[in-house]
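Q: Dropping the sequence and predicted coords here.
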Amino acid sequence: MTIGITTKIFSSLASDSSLAGLATKDMVENVGRTVMEKKESSKVSEELGNYAAKEKCIEEFGTSALWLGGIPLLKKAFNSTVFKKAGLNANADYDLFEKQGIQSIENNVKKFADSGKEIVKEAAKIAEKQDLYKKLSKIRAVSTTGIALVALFAFPVANHMYTKKNIVDTEERKEYNSNIIHKPTFTAFTNIVSKPSFTGGSFLTWLANPLNNTQVLDLGISAGRVSSSRPITGAAFPEKHAEAIEVGAKELGVVYFLYQGGKHIAKGLEKAFAKFGKPIALPFEVLADEKLSKKLQDAIKPGKIQDEVLNFTKKGEAEIINFIDDELKAGNGEFKNFTLKAAQKSGLIDVVEGIRNPLKKINTDKIVELNKELGKFIEAGAEAGTKEITSDNFVKNILNNKKAAVAINIASCCIALSYIIPKAQYSLRKALTGSHGSPGVAEYKNQFSKTA
């Protein structure tokens with residue numbers, strides 16, 4: 001194996017297209033938020049703490065299941081039925097149809113027409129039925145996202161109804177069976193672990209990225225939670241809408257640290273490490289791959305590879321695309337150029353059957369950016385070499401520093417999501433209501449006591 005399991009994990013956590021980092025932060029947030037809700041609401045009464053924690057547990061873990069799994073499952077079902085029936089490959093990038101440039105579906109089919117590759121035959125079918133493909137792609141995007149959003153909007157309402165029913169049923173049992181001692185509904189955090197409550201381009205291309213897809217859903221979750229918040233009967237503003245205000249403030253912080261905070265922290269860490277001669281911006285896949293890391297070690301020393309990287313003059317989209325195709329043709333499906341090797345390894349170039357995948361749009365700007373980062377790495381390595389640091393040790397040291405940066409990043413976001421934001425939320429709650437208890441759950445309790 002050229003990349004170890006540990007490095008694969010770190011690579012997934014740092015990736016802009018993987019859900020691993022998002023899921024990790026979300027699970028930590030769910031646990032911390034449930035524990036803190038129980039602790040906070042229990043300051044009013046143990047019983048209120050149990051109700052509030054159970055509601056929070058169902059809300060957080062239930063929405064996570066719908067949020068992370070909903071669209072992938074719906075897309076899979078749509079692709080295996082609708083696209084399959086149409087006889088079309090469901091994985092073509094929508095940008096291939098919007099622009100008539102060098103990477104348009106027609107140009108890709110024309111360029112690889114004589115290759116005899118199966119992927120080109122599939123691209124040709126799509127090119128012949130472009131209008132149908134675009135229509136199906138739009139229907140898929142709207143229907144899968146729409147269904148998931150409806151479910152996520154409905155979920156908080158259903159959860160609140162369940163809480164209300166639970167309170168009413170429990171209070172009635174207390175009233176008519178006063179001699180029966182009931183166990184608390186939610187007694188400890190261990191219940192969450194052992195028995196969880198619930199098991200750039202076009203917009204469509206943007207939406208195809210799993211992280212962007214979940215961001216749309218997360219905004220839907222936030223809107224649903226705020227809109228379904230329970231007003232306090234008889235109270236004046238802002239206390240009347242305390243739950244909506246605290247939930248809205250919390251959701252802003254959550255969305256930031258799930259999607260933007262990590263990026264900002266990563267950029268800050270890259271700049272901080274660079275000041276100490278540690279360029280950590282290169283992808284994990286490049287630093288950890290045995291062959292590429294050896295090439296990096298060689299590139300630090302003056303020679304062919306260093307010249308190749310530092311003198312990468314290809315800038316325009318057409319020039320880079322033609323360069324990619326020429327390299328693959330000359331190398332029988334493999335790159336000789338180090339920048340292109342690194343781009344393929346980091347997922348910027350998709351090669352299928354020895355040719356550039358005609359169904360995928362390549363972001364050539366990111367290849368240029370990768371080349372610049374390779375240049376910075378080589379220059380930093382050369383400078384380190386003057387301090388008697390071997391190129392082998394330099395590459396390994398940078399890889400370890402990058403792992404540390406990712407760990408710091410994930411830990412910082414997790415602390416913010418599971419502790420700092422909830423702490424701020426409960427401080428806001430206390431300021432608005434004068435109480436530590438969940439406003440919505442307390443409202444149900446108060447409503448029952450008035451009618452009992």
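A: That came through fine. Numbers count the residues shown, from 1 in each chain.
Q: quick one: terminal-to-terminal distance for stretch 312-322?
A: 14 Å (C-alpha to C-alpha, to the nearest Å).
Q: Enumerate the positions of that stretch that are buried.
A: 312, 314, 317, 320-321 (16 or more other C-beta atoms under 10 Å). For glycine as for every other residue, the C-beta is placed from the backbone atoms N, C-alpha and C.
Q: Also stretch 81-91?
A: So for stretch 81-91, counting by 16+ other C-beta under 10 Å, buried means 83, 86, 88-90.
Q: Now name the helix or strand holding the residue nearest the centre of the chain.
A: Nearest to the mean C-alpha position of the chain, counting by C-alpha atoms, centre = their mean, stands Leu211 at 3.7 Å. Assigned by DSSP states H and E, Leu211 falls within helix 210-227.
Q: So which elements touch that helix?
A: For helix 210-227, the helices and strands in contact under the criterion 3 or more C-beta pairs under 8 Å, 6 or more residues apart in numbering; DSSP states H and E are helix 46-78, helix 130-176, helix 203-208, helix 242-255.
Q: Let me see the mean pLDDT of it.
A: For helix 210-227, the mean per-residue pLDDT is 82.
Q: Then stretch 26-38?
A: 88.
Q: cool, and stretch 87-94?
A: In the prediction, stretch 87-94 has an average pLDDT of 92.
Q: burial measure for the closest residue to Lys43 other than its chain neighbours, as a count.
A: Distances taken as C-beta to C-beta, 6 or more residues apart in numbering place His436 nearest to Lys43, at 3.9 Å, with adjacent residues excluded. With neighbours defined by other C-beta atoms under 10 Å, the count for His436 comes to 18.
Q: you'd agree His436 is in a strand?
A: No: counting by DSSP: H, G, I helix; E, B strand; the rest coil, His436 is not part of a strand but coil.
Q: so it touches Leu428, yeah?
A: No: His436 sits out of contact with Leu428 when judged by C-beta atoms under 8 Å, with a separation of 11.7 Å.
Q: Report the separation between Leu258 and Ala154.
A: In this view, Leu258 and Ala154 are 22 Å apart by C-beta to C-beta, to the nearest Å.
Q: Need the distance between the two termini of stretch 416-423.
A: Stretch 416-423: ends 9 Å apart by C-alpha to C-alpha.
Q: Buried residues, that stretch. List them.
A: 416-419, 421-422.
Q: Glu353: which of those residues is nearest?
A: Glu353 has its nearest neighbour among the buried residues of stretch 416-423 in Leu417, at 42.9 Å by C-beta to C-beta.
Q: residues in contact with the nearest residue to Ile105 once chain neighbours are set aside?
A: Of all residues not flanking Ile105 in the chain, Leu96 sits nearest, at 4.3 Å (C-beta to C-beta, 6+ apart). Counting by C-beta atoms under 8 Å, 6 or more residues apart in numbering, Leu96 touches 103-105, 108, 359, 361.
Q: can you do 10 Å?
A: Applying C-beta atoms under 10 Å, 6 or more residues apart in numbering, we find Leu96 in contact with 103-108, 123, 126-127, 130, 133, 201-202, 205, 358-361.
Q: re earlier: just the ones of the buried residues of stretch 312-322 in helices?
A: 317, 320-321 (DSSP state H).
Q: ok, the buried residues of stretch 81-91 vs Ala382, which is closest?
A: So of those, ranked by how close each gets to Ala382 (C-beta to C-beta), first place is Asn89, at 45.2 Å.
Q: The nearest residue to the closest one once chain neighbours are set aside is in what secondary structure piece?
A: Leaving aside its chain neighbours, Asn89 sits nearest to Glu122 (4.4 Å; criterion: C-beta to C-beta, 6+ apart). Using DSSP H and E, Glu122 maps to helix 118-128.
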